[in-house]
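*Asks:* no sequence for this one, just the structure:
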Ligand code: SDX
């Protein structure tokens, strides 16, 4: 599938007779785009779009978001149906290969991931270089990047087979690395993966099992974890995905590109928001303090954000937030947790915010991070690991987007330009003569 001609726009420079006609391109869904590739050559001007709020960086067939309608599709399938009717490894196959697998394809894909879950034994020593209180995302950045040191045989991103093996290795090993980061922070022994468990079960097993006693899987928690992974798997050209594409456009190997994506995701404005939501709720302390907090958020001088609210694209409910909220209620009910103060506070905060004109006028709604932390806490995930789990889930989306770019024969190294407002040319005065 590719873009199609959809008319044109003419750009005329005021005060000169210079103008040019730019083709419009249309896709399957969403706004048309103006193809500005010849703009600089014809009019000698750049476009200006800090934060890329109105810039399409690529053609893609992977994920579609309609921010006004609150729609999210992975390869055309609504996220609500995938969350209910599929498992994470099926969604991995969908994102990487373009469709949900049939039974035979699933079996082969599952095997491809399962037999790459262990880390090279030398990598275990890598963890000892970190302080015990290192943030798991610092460990993920370091260890995922270090994988490149162990797989010299397939760093050639232009070789499809090398890309496939790297994809299996990354999807299979990031849960092992995240679990090892957690075990290392506790001073507990690393737990080797078990190939008889599902992807989500195996991750919870590596997080929670100890050699001193038998481990019993909890299907409720495993299903909730699997759904959390599905909801976070991909999300169009967000900051970390754009980072991965830009890194990949230089020819950097997949392990380095995914490590770059992990670094970008870590920020509290992006994947770090789920951890920030829990910290925010803890600082607020009780529902009575919510109105004061909301007034702080509305006071620009406080620089206080309502974490887990707002989104560059969604100007309606983030569909993932709705599913996450439902999952929260299901998990708490199935675990027999009658009252979860954090959930009560989050729901009260949502109620107050969504009736306040500050949020309504700015179209600020809960995003995926607003409830994900509460669900993860309910299933026993430690707060510092929330963003590492987001990275674990998003690894498949990053790889799919990277492979899509590399598979495009027209791709080039990414190199944005700028509007320079610095000093005009001037001469150096020797130090001795400088006033
Ligand atoms: C993720 O891009 C993706 O797809 C990301 C993601 C993915 O799956 O990859 O969806 C994951 O990163 C979700 C977002 C998680 N981040 C947070 O929850 C942090 C809190 N949110 C904000 O930092 C903010 O909403 C952003 C960063 C998410 C979006 O920033 P924008 O695009 O700059 O926000 P905006 O332009 O829509 O803001 C409009 C107004 C501004 O106020 P004014 O200047 O008009 O007066 O709303 C204000 C903003 O200051 N605003 C907020 C707010 N978010 C925006 N005010 C208070 N609290 C907030 N959370």
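*Replies:* Yep, it's here. In this text the structure is predicted, and so the values were computed from the model without any measurement.
*Asks:* Can you tell me, leaving aside adjacent residues, what's nearest to residue 331?
*Replies:* For residue 331, the nearest residue in space outside its immediate sequence neighbours is residue 224; the separation is 4.8 Å by CB to CB, 6 or more residues apart in numbering. Using the backbone N, CA and C atoms, a C-beta is placed for each residue, glycine as well.
*Asks:* interface residues of the stretch 301-435 of the chain facing the ligand?
*Replies:* With the criterion set to CB under 6 Å from any ligand atom, the stretch 301-435 of the chain comes near the ligand through 305-313, 362, 364, 367-369.
*Asks:* what do you get if the cut-off is 8 Å, keeping everything else the same?
*Replies:* 304-315, 318, 320, 358-359, 362-364, 367-370, 390, 394 (CB under 8 Å from any ligand atom).
*Asks:* Next step: those restricted to helices.
*Replies:* The members of these that map onto helices under DSSP state H are 320, 358, 359, 368, 369, 370, 390, 394.
*Asks:* will you turn those residues into JSON lines that also has pLDDT and neighbour count?
*Replies:* Formatted as JSON lines, those follow (pLDDT from 0 to 100; neighbours: other CB atoms under 10 Å):
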{"residue": "320", "pLDDT": "96", "neighbour count": "26"}
{"residue": "358", "pLDDT": "95", "neighbour count": "13"}
{"residue": "359", "pLDDT": "94", "neighbour count": "20"}
{"residue": "368", "pLDDT": "91", "neighbour count": "26"}
{"residue": "369", "pLDDT": "92", "neighbour count": "29"}
{"residue": "370", "pLDDT": "92", "neighbour count": "28"}
{"residue": "390", "pLDDT": "97", "neighbour count": "29"}
{"residue": "394", "pLDDT": "98", "neighbour count": "26"}
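*Asks:* quick one, phi psi at the residue nearest to residue 165 when sequence neighbours are not counted?
*Replies:* Once flanking residues are discounted, residue 165 sits nearest to residue 154: 5.1 Å by CB to CB, 6+ apart. Taking degrees, to the nearest 10, you get phi -140, psi 60 for the backbone angles of residue 154.
*Asks:* wouldn't residue 154 be in contact with residue 167 here?
*Replies:* No. Counting by CB atoms under 8 Å, residue 154 stays clear of residue 167, with 10.3 Å between them.
*Asks:* Comparing those two, which residue is more hemmed in?
*Replies:* Here residue 154 and residue 167 are set side by side on neighbour count (other CB atoms under 10 Å), and the busier one is residue 167, at 24 against 16.
*Asks:* and that one, that's in a helix?
*Replies:* Yes. Secondary structure assignment (DSSP: H, G, I helix; E, B strand; the rest coil) places residue 167 inside a helix.
*Asks:* Tell me how far it lies from residue 255.
*Replies:* With distances taken as CB to CB, to the nearest Å, residue 167 is found 11 Å from residue 255.
*Asks:* mind listing the strands for this protein?
*Replies:* Counting by DSSP state E, the chain has strands at residues 4-12, 19-26, 33-34, 63-66, 71-74, 77-78.
*Asks:* okay, these in CSV with mean pLDDT, mean neighbour count and distance to the ligand next?
*Replies:* Compiled in CSV, the strands of the chain are given as follows (pLDDT from 0 to 100; neighbours: other CB atoms under 10 Å; distance: least, CB to the nearest ligand atom, whole Å):
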stretch, mean pLDDT, mean neighbour count, distance to the ligand
strand 4-12, 95, 12, 25
strand 19-26, 96, 16, 22
strand 33-34, 98, 18, 18
strand 63-66, 97, 19, 7
strand 71-74, 97, 21, 9
strand 77-78, 98, 14, 16
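*Asks:* need those in TSV with distance to residue 158, can you?
*Replies:* Written out in TSV, the entries for the strands of the chain read as follows (distance: least, CB to CB, whole Å):
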stretch	distance to residue 158
strand 4-12	28
strand 19-26	26
strand 33-34	27
strand 63-66	24
strand 71-74	26
strand 77-78	30
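*Asks:* What count of nearby residues applies to the closest residue in space to residue 33 that isn't next to it in sequence?
*Replies:* Distances taken as CB to CB, 6+ apart put residue 56 closest to residue 33, at 4.7 Å, once the chain neighbours are dropped. Applying other CB under 10 Å, we find 17 residues neighbouring residue 56.
*Asks:* So residue 56 sits against residue 32, correct?
*Replies:* No. In this structure, residue 56 is not within contact of residue 32 by CB under 8 Å, at 9.6 Å.
*Asks:* quick one, what contacts the closest residue to the ligand within the stretch 251-400 of the chain?
*Replies:* Among all residues of the stretch 251-400 of the chain, residue 310 sits closest to the ligand, at 2.3 Å; criterion: CB to the nearest ligand atom. By CB atoms under 8 Å, 6 or more residues apart in numbering, residue 310 lies in contact with 362, 364, 365, 367.
*Asks:* What separation do you get for residue 48 and the ligand?
*Replies:* 16 Å (CB to the nearest ligand atom, to the nearest Å).
*Asks:* cool, residue 431 as well?
*Replies:* Distance, residue 431 to the ligand, by CB to the nearest ligand atom: 43 Å.
*Asks:* try residue 428
*Replies:* As judged by CB to the nearest ligand atom, residue 428 and the ligand stand 40 Å apart.
*Asks:* what number of residues lie near that residue?
*Replies:* Residue 428 has 7 neighbouring residues, counting by other CB under 10 Å.
*Asks:* go on, residue 1?
*Replies:* For residue 1, the count of nearby residues is 9 (other CB under 10 Å).
*Asks:* Repeat that for residue 49.
*Replies:* Under the criterion other CB under 10 Å, the count of neighbours that residue 49 has is 10.
*Asks:* ok so, going back, and the gap between the residue nearest to residue 165 and residue 163?
*Replies:* In this structure, residue 154 lies at 8 Å from residue 163, with CB to CB as the measure.
*Asks:* same thing with residue 23?
*Replies:* For residue 23, the distance to residue 163 - CB to CB - is 32 Å.
*Asks:* cool, and residue 42?
*Replies:* Counting by CB to CB - residue 42 and residue 163 are separated by 37 Å.
*Asks:* Between these two, tell me which one has more neighbours.
*Replies:* For residue 42 and residue 163, the more surrounded residue by other CB under 10 Å is residue 163, and the numbers stand at 20 against 14.
*Asks:* what's the pLDDT at that one?
*Replies:* Reported pLDDT at residue 163 in the predicted model: 91.
*Asks:* surely it meets residue 157?
*Replies:* Yes. Checked against CB under 8 Å, the pair residue 163 and residue 157 is within contact range at 6.2 Å.
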